[in-house]
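Engineer: Here is my input, please return the structure:
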Amino acid sequence: MNKKTLEAIAEAMVADGKGILAADESTGTIKKRFDSINVESTEESRRDYREMLFRTEEAMRAHISGVILFDETIRQKAADGTPLTQLIADAGSLPGIKVDGGTNDLAGHAGETVTEGLDGLRDRLVDYHRLGAKFAKWRAVINIAEGIPSAACLSANTHALARYASLCQEAEIVPIVEPEVIMDGSHSVERCYEVTSAALTQLYAQLAEQGVHLEGTILKPNMVVSGTGHAEQAGVQQVAEMTLDCFKKCVPEAVPGIVFLSGGQSDIDATAHLDAMNKIGGLPWKLSFSYGRALQAAPLKTWLGKAGNVADAQAAFAHRAKMNGLAAQGAWDAAMES
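Structural biologist: Modelled structure (predicted):
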């Protein structure tokens, strides 16, 4: 493990006013997105869409520090033969890779899952490093419902995250650790706080046990929000305050940065919450974004698979990237959206 290399990459990932574009949708997930705009999901159409994003100079240079890729994408070339990883690097951004194998049912625990993909990971990380990956991502999924999450679910998922993180650092790849507490459900914001606290506390205990160098990691968590089906939805300021209170108690100061997932929030909510947290300020770690849908929904709806829409779609992506870049500095205002 080269600690200095890992620390330099982690710091670059949370450079001022920059965040991460999550473009690591699996083939199944991107098909659902393309179905929503009546575009057939083929290797070429997926390449064209992602190339359009990566060639959006205004967004990539100023507001995107890194891009999380899927296995197919890290190996793809643009229409002119340039590797997509080269397009990302040329824009001053870092290529990253999703390495988990997705979730499977946790045996003996109905309604809960465990993330798989540790088998063969050491060799895959060597390959991804050769292909240009500077960081990686592994997502754990934690559901809230009556009686869950169980201790077994939290233990299995945080242990896997820690083993993944250790293997990444061995390969000189910065691990993004993502323990996502899902916002679907009828739970209160207080229950989300409780579960998020439990998940983060276990995660950092497991990372310590595996000897992971925290200064060479990035945390990608959910915000503390109300369940989507709860009658009372927490407002922007309450979400910001409860999230920061939770993280100050659970996330060590050695962690260089926290990049939030959007987790199904609307574009504006994801931006407003991030901005409100940064306006509070006085934090030991950088707070930024690692958004998928909250950066891509607008350009996808504009693109519609048509070459003639590329410029407008790039403008839509650049706008969302700029808004979130401002939010990462506590400098966003709702009036900027009109």
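
Engineer: ok, now which ones touch the residue sitting nearest the centre point of the chain?
Structural biologist: When CA atoms, centre = their mean is applied to the chain, the residue found nearest the centroid is Ser290 (3.8 Å). Contact analysis of Ser290 by CB atoms under 8 Å, 6 or more residues apart in numbering lists 19-22, 68, 176, 220, 259-261. Where you see a C-beta, it was placed from the backbone N, CA and C, and this is true even at glycine.

Engineer: how long is stretch 48-60 from one end to the other?
Structural biologist: 17 Å (CA to CA, to the nearest Å).

Engineer: Specify the beta-bridge partners of Leu69.
Structural biologist: For Leu69, the beta-bridge partners are Ala23, Ile97 (DSSP bridges).

Engineer: contacting residues for it?
Structural biologist: Contacts of Leu69 (CB under 8 Å, 6+ apart): 23-24, 84-85, 95-98, 133.

Engineer: Ala334 now?
Structural biologist: Contacts of Ala334 by CB under 8 Å, 6+ apart are 268, 272.

Engineer: Model confidence at it, what's the number?
Structural biologist: Predicted confidence (pLDDT) for Ala334: 95.

Engineer: before we move on, what about Gly264?
Structural biologist: 87.

Engineer: name the element it belongs to?
Structural biologist: According to DSSP states H and E, Gly264 maps onto no helix or strand at all.

Engineer: same deal with the one 4 residues further on?
Structural biologist: Under the criterion of DSSP H and E, Ile268 resides in helix 267-280.

Engineer: what's that helix in contact with?
Structural biologist: Looking at what lies outside helix 267-280 - CB under 8 Å, 6+ apart - the contacts are 223, 225, 236-237, 239-241, 243-244, 260, 262, 265, 283, 287-289, 291, 294, 297-298, 320, 323-324, 326-332, 334, 337.

Engineer: Let me know how buried Asp333 is, in neighbour terms.
Structural biologist: A count of nearby residues for Asp333, using other CB atoms under 10 Å, gives 11.

Engineer: List the residues that contact Arg139.
Structural biologist: Counting by CB under 8 Å, 6+ apart, Arg139 has contacts 98, 100, 115, 178, 180, 220.

Engineer: residues contacting the closest residue in space to Ala140 that isn't next to it in sequence?
Structural biologist: Distance criterion CB to CB, 6 or more residues apart in numbering; nearest residue to Ala140, sequence neighbours excluded, is Asn157 at 3.8 Å. Applying CB under 8 Å, 6+ apart, we find Asn157 in contact with 114-115, 140-142, 179, 199.

Engineer: Model confidence for Asn157, exactly?
Structural biologist: pLDDT at Asn157 comes out at 98.

Engineer: hang on, it in a strand?
Structural biologist: No. Read with DSSP: H, G, I helix; E, B strand; the rest coil, Asn157 is helix and lies in no strand.

Engineer: what ranges do the helices span in this structure?
Structural biologist: Here the chain has its helices, by DSSP state H, at 3-13, 27-35, 43-54, 57-63, 71-74, 84-90, 121-130, 151-170, 189-209, 236-250, 267-280, 293-303, 310-327.

Engineer: so which of these comes closest to Gly216?
Structural biologist: helix 3-13 (2.8 Å; CB to CB).

Engineer: Name the residues of that closest one that come out as buried.
Structural biologist: Within helix 3-13, the residues that count as buried by 16 or more other CB atoms under 10 Å are 6-7, 9-13.

Engineer: hang on, the earlier thing: quick one, which of the contacts of Ser290 are buried?
Structural biologist: The buried subset of the contacts of Ser290 - by 16+ other CB under 10 Å - is 19-22, 68, 176, 220, 259-261.

Engineer: In TSV: these, plus distance to Val126.
Structural biologist: Output for the buried ones among the contacts of Ser290, formatted as TSV (distance: CB to CB, whole Å):
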residue	distance to Val126
Gly19	28
Ile20	23
Leu21	25
Ala22	24
Ile68	19
Ile176	19
Lys220	23
Val259	25
Phe260	30
Leu261	27
